[in-house]
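Asker: based on what follows, work out the 3D shape:
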Amino acid sequence: MPPFAVRSLLSAFLLLAFSLEPVPATAQSFSVLHTFTDGADGALPVAGMIMDQAGNLYGTAMSGGTGGCSDNGPPGCGTIFELKQHNNSYIFNPLYSFVGRTDGAAPQARLTIGPNATYYGTTYGGCVGFGVVFNAGPLPTPLRTPLLQFHESVLDCFAGFGGGDGGNPRGPVIFDQAGNIYGTTSTGGINAEGTVFELSPAGGGTYTEKLLYSFCPPALPPCPDGQTPLDGVVFDSAGNIYGTTLGGGSNNSGVVFELSPSGAGWTERVIYSFQGPNDGENPQSGVAIDNAGNLYGNTAEGGSDGGGTIYELSPNGSNWNFNVLYNSPFGSYPVDRVTFDSSGNLYETTVNGGYGYGEVLELARSGNNWTYVDLYDFTNGIDGSYPYGSVVLDSSGNVYGTAENGGNNTCYNGHGCGVVWKITR
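Answerer: Numbers count the residues shown, from 1 in each chain. Below is the predicted model:
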């Protein structure tokens, strides 16, 4: 099943729990918090979610909602939603429905909470067809309705190939301490192979766009610097930016790159170029960074078993040491970023692992050793299927995520509309 396939939807909502076989030293259970219906709630949640300090969950659905959409194929341009904690359960609230050309369409990235405590994100389409960066936050209380609780404003509308600023962002945005916004586009730029951009506040809620780097400049074919960044970027403590590209590099298997401030501009350096297959190939996700400056990520393909890898890059002076931590079984296909818990354990979803419908796994850390734990295997039933997005954890170690398909509601092409799920530990 191709990544980010656009499918649309119909029907109801359900809460259900499934028992998991216990893993060593822990008992856990799987439950569905929301089943998407292709109504005002949306459908096809390909992105992971974020959690606020109160434990409420926020996310996006790629399709569905109340807005008609010509950019996204099937009806519905996508939604922003909330799962609000109430006692020991969650209440689902649709917060915003995208309408297409004016405000964006088909959000495929998790949200970011900004310095002003509102929500920032990207859409793959909409505006002039090449996506937007948006900000969304609560409407004044008297204006809210059950189906519209957020106001959304477009901060940047990508012009795509014609404008040279890039297009079709698939990753989230991040902020620096000055309030500037950073992200990537998967297409466009000088040679149409993707960009890294910055948006700087210009007053009155407006932003000025700056192109920090365009992959595969004409002087560099066949793209040794990388091409097609599908996820966002991270900062280290010195202000350097790190990310990945799907392709390019010395073997056209993708790279991990660094952008360092250099005078008034930025200098790009490839810190690792995947050779494939044993070290992994074609990373669709970006990297996560720990307090020591080590980078962790995964590849969608390659590895000794052909199903992708989880890897670590550790700084060693001006160089980096690369180490494969885990080889996914053939066909697993991990495509979103790994997540840390407070103990330094790593969590990941795979789209086709387990029974073929996706898996949630943990790499438990003990010193320099890592132990694989299978947390849940999806069945393509009411529990969902194809978890593309990364997970988020609460302070108790419970794990939350989305599955693009599955559930008990059938969408236009016979697939389920997706679910939000929880693993209680």
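Asker: next one: phi and psi at the residue nearest to G205 when sequence neighbours are not counted?
Answerer: Spatial nearest neighbour of G205, excluding adjacent residues (C-beta to C-beta, 6 or more residues apart in numbering): S153 at 6.7 Å. Yep, even glycine has a C-beta here, placed from its N, CA and C like the rest. Main-chain torsions, S153, degrees, to the nearest 10: phi -130, psi 140.
Asker: do I have it right that S153 meets F134?
Answerer: Yes - at 6.7 Å, S153 counts as touching F134 under the criterion of C-beta atoms under 8 Å.
Asker: looking at these two, which has the bigger crowd around it?
Answerer: Shown here are S153 and F134; by other C-beta atoms under 10 Å, F134 has more neighbours (26 against 13).
Asker: the more buried one against T123, yeah?
Answerer: Yes - counting by C-beta under 8 Å, F134 does reach T123; the two are 6.8 Å apart.
Asker: okay, and the common contacts of these two?
Answerer: Counting by C-beta atoms under 8 Å, 6 or more residues apart in numbering, the residues touching both F134 and T123 are G104.
Asker: which SS class is the residue of the chain most remote from its centre?
Answerer: Within the chain, the residue lying farthest from the chain centre (C-alpha atoms, centre = their mean) is P142, at 33.3 Å. Secondary structure state of P142, per DSSP: H, G, I helix; E, B strand; the rest coil, is helix.
Asker: start at 49 instead
Answerer: Yep, numbering from 49; the last one is P190 now.
Asker: for F370, see how far away the closest residue in space to P270 that isn't next to it in sequence is.
Answerer: Spatial nearest neighbour of P270, chain neighbours left out: N300 (6.7 Å); criterion: C-beta to C-beta, 6+ apart. Distance of N300 to F370, computed by C-beta to C-beta, to the nearest Å: 18 Å.
Asker: please apply the same query to G126.
Answerer: 37 Å.
Asker: likewise for N428?
Answerer: For N428 relative to F370 (C-beta to C-beta), the value is 35 Å.
Asker: so what's F140 closest to, chain neighbours aside?
Answerer: H82 (4.6 Å).
Asker: correct me, but that neighbour touches L131?
Answerer: Yes - between H82 and L131 there is a contact at 6.4 Å, judged by C-beta under 8 Å.
Asker: can you pull the phi/psi pair for the residue nearest in space to the middle of the chain?
Answerer: Residue closest to the average C-alpha location in the chain (C-alpha atoms, centre = their mean): A157, at 4.3 Å. Dihedral pair for A157: phi -130, psi 150, per degrees, to the nearest 10.
Asker: please apply the same query to D442.
Answerer: phi -90, psi -180.
Asker: quickly find the element holding the closest residue to it other than its chain neighbours.
Answerer: Leaving aside its sequence neighbours, D442 sits nearest to G103 (C-beta to C-beta, 6+ apart; 5.9 Å). Using DSSP states H and E, G103 is not contained in any helix or strand.
Asker: then G169?
Answerer: Element membership of G169, judged by DSSP H and E, is strand 167-171.
Asker: so what strands line up beside that strand?
Answerer: Sheet pairing for strand 167-171, assigned by DSSP bridges, gives strand 160-161 (antiparallel), strand 180-186 (antiparallel).
Asker: hang on, the earlier thing: between G126 and F370, which one's more packed in?
Answerer: For the pair G126 and F370, the greater number of neighbours falls to G126 (36 against 17), based on other C-beta under 10 Å.
Asker: what distance do you get for the more buried one to G103?
Answerer: 24 Å.
Asker: what about F84, distance to N326?
Answerer: F84 is 39 Å from N326, by C-beta to C-beta.
Asker: show me this protein divided up by domain.
Answerer: 84-262, 266-385, 394-473 (automatic domain parsing).
Asker: can you get me a residue count around N135?
Answerer: N135 has 6 neighbours, counted by other C-beta under 10 Å.
Asker: just the pLDDT for it.
Answerer: With respect to pLDDT, N135 scores 86.
Asker: go on, A75?
Answerer: 57.
Asker: for N228, same thing?
Answerer: For N228, the model assigns a pLDDT of 97.
Asker: and if you look at Q225?
Answerer: According to the model, Q225 carries a pLDDT of 93.
Asker: poorly predicted segments of the protein, please.
Answerer: Counting by pLDDT under 70, the chain contains low-confidence ranges at 49-75, 118-122, 210-211, 267-269, 460-461.
Asker: switch the cut-off to 80
Answerer: For the chain, applying pLDDT under 80 flags the ranges 49-75, 116-123, 194-196, 209-212, 265-270, 457-462.
Asker: still on that earlier bit, mind checking which helix or strand the residue nearest to F140 is in?
Answerer: Counting by DSSP H and E, H82 is part of strand 77-83.
Asker: that strand - contacts with which helices or strands?
Answerer: strand 64-67, strand 127-134, strand 137-145, strand 467-472 (3 or more C-beta pairs under 8 Å, 6 or more residues apart in numbering; DSSP states H and E).
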